[in-house]
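Student: When you get a sec, could you give me coordinates for this:
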Amino acid sequence: MLRTVSAHLELDITGRTNMVFSLALAQGNVIETEQLTMSLDGRELMPNEISDRHGTRLHQLVSDAGHMTVDYTATSTGAPRPLEETELDQIVYLRPSRYCESDMLTPTARSEFAGLRGHDLLAAVASWVGSKLRYVPGSSQVTDGAANTLLARRGVCRDYAHLVIALLRALDIPARMAAVYAPGLSPMDFHAVCEAYVEGEWHVVDATALAPRQSLLRISTGRDAADIAFLTNHWADLYLRELRVTAVAETLPVDDVRELVQLG
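Tutor: Here you go, the predicted model:
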């Protein structure tokens, strides 16, 4: 399946700042073409690429004040290579984290999903979260975690994923978050989904059902949104003036929610 993705960012930077971008397709994707360009007031910048243990490709640089433009494009074909698994994953992704307060939601999880295991549990949690929440752009704060999302009963993709992850961890299922390019997504943006470990494999759980899981391309992987942010900065303030994301596939698969799908 041929997929083409892009991201365009325009930023106003108030002073010298350390910046880390997570826009590039992760290692393991079959990348046919790729280009990343960054400029400050028309002058090209050269970031340093750093990879984490999951193959997330971070691009780090120190920039002075000014107007920055960032453009990323890539095409991908073929089936991606699955992530290399370690024993550490089975520990880290069972723990509560900043946005996935599984310890707070344990009573709810045990009450709602008693007796369910494996693939049946994944389907039940995805369906339950999808029915409890309304997808409302701009309805949540960047500091909201799974508990606040459940109380508010609305959110965007990261909020859906946080709640799914927290409920699964509360039921002793390792769960993590992935940022992806998502052909078919509407409204188009970076997308966030859950991956859950059952019966020896990681499977995508997306309670939003906004894009076919088979078309997703991994960008980054972590405990929650704090680990997969497309941009972080330190020292000075910056203002995101424009963000455009595109992701298209030559054909969009029909996603049967009853099927198990793995993200490379």
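Student: Is it correct that L151 falls within a helix?
Tutor: Yes: judged by DSSP: H, G, I helix; E, B strand; the rest coil, L151 forms part of a helix.
Student: Count the residues that sit near it.
Tutor: Neighbour count of L151, defined by other C-beta atoms under 10 Å: 9. All C-beta spots, glycine's among them, are computed from the backbone N, C-alpha and C.
Student: For P80, what is the enclosing helix or strand?
Tutor: Using DSSP states H and E, P80 sits in no helix or strand.
Student: Just list the residues touching the spatially closest residue to it that is not a sequence neighbour, thanks.
Tutor: Spatial nearest neighbour of P80, chain neighbours left out: G264 (2.3 Å); criterion: C-beta to C-beta, 6 or more residues apart in numbering. Counting by C-beta atoms under 8 Å, 6 or more residues apart in numbering, G264 touches G28, N29, A79, P80, R81, P82, L83, R218.
Student: Quickly note the distance from G264 to E112.
Tutor: 31 Å (C-beta to C-beta, to the nearest Å).
Student: Could I get the buried residue list for the host helix or strand of H119?
Tutor: For H119, the host element (DSSP H and E) is helix 118-132. Residues of helix 118-132 classed as buried by neighbour count (16 or more other C-beta atoms under 10 Å): L121, L122, V125, A126, W128, V129, G130.
Student: likewise stretch 27-41?
Tutor: By 16+ other C-beta under 10 Å, the buried positions in stretch 27-41 come out as Q27, G28, N29, I31, L36, M38, L40.
Student: The closest residue to the third one other than its chain neighbours and G155, how far apart?
Tutor: In this case it means N29. In space, and not counting its chain neighbours, N29 is closest to P80: 4.7 Å by C-beta to C-beta, 6+ apart. Look at P80 and G155: by C-beta to C-beta, they are 28 Å apart.
Student: Ok, G115 next?
Tutor: G115 is 28 Å from G155, by C-beta to C-beta.
Student: the more surrounded of those two?
Tutor: More crowded of G115 and G155, by other C-beta under 10 Å: G155, with 26 against 6.
Student: who's E10 bridged to?
Tutor: Beta bridges link E10 to T69, E242, judged by DSSP bridges.
Student: With the one 10 residues further on instead?
Tutor: Bridge pairing for V20 (DSSP bridges) gives the partners Q60, T232.
Student: does it really touch F230, like I thought?
Tutor: No: the pair V20 / F230 is not scored as a contact, 9.6 Å apart, by C-beta atoms under 8 Å.
Student: Please identify which of the two sits among more neighbours.
Tutor: Neighbour tally, V20 and F230, criterion other C-beta under 10 Å: the higher count belongs to F230, 20 against 17.
Student: which residues touch that one?
Tutor: So F230 contacts A7, F21, S22, L23, A179, F190, I219 (C-beta under 8 Å, 6+ apart).
Student: Also A192?
Tutor: Counting by C-beta under 8 Å, 6+ apart, A192 touches C157, R158, Y160, A161, M177, A178, A179, V180, A225, I228.
Student: Assign the second one to helix, strand or coil.
Tutor: The reference is to R158. Quick answer, by three-state DSSP: R158 is helix.
Student: For it, give its distance to A226.
Tutor: 10 Å.
Student: Likewise for the fifth one?
Tutor: In this structure, M177 and A226 are 9 Å apart, going by C-beta to C-beta.
Student: cool, and the third one?
Tutor: Computed with C-beta to C-beta, the distance linking Y160 and A226 is 17 Å.
Student: go on, the fourth one?
Tutor: With distances defined as C-beta to C-beta, the gap from A161 to A226 amounts to 13 Å.
Student: Which one of those two is surrounded by more residues?
Tutor: When A161 and A226 are compared for neighbours, A161 comes out ahead with 33 against 14, by other C-beta under 10 Å.
Student: Spit out the contact partners of the nearest residue to D189 once chain neighbours are set aside.
Tutor: Leaving aside its sequence neighbours, D189 sits nearest to V245 (C-beta to C-beta, 6+ apart; 5.4 Å). For V245, the contact set (C-beta under 8 Å, 6+ apart) comprises V5, S6, A7, H8, Y181, M188, D189, F190.
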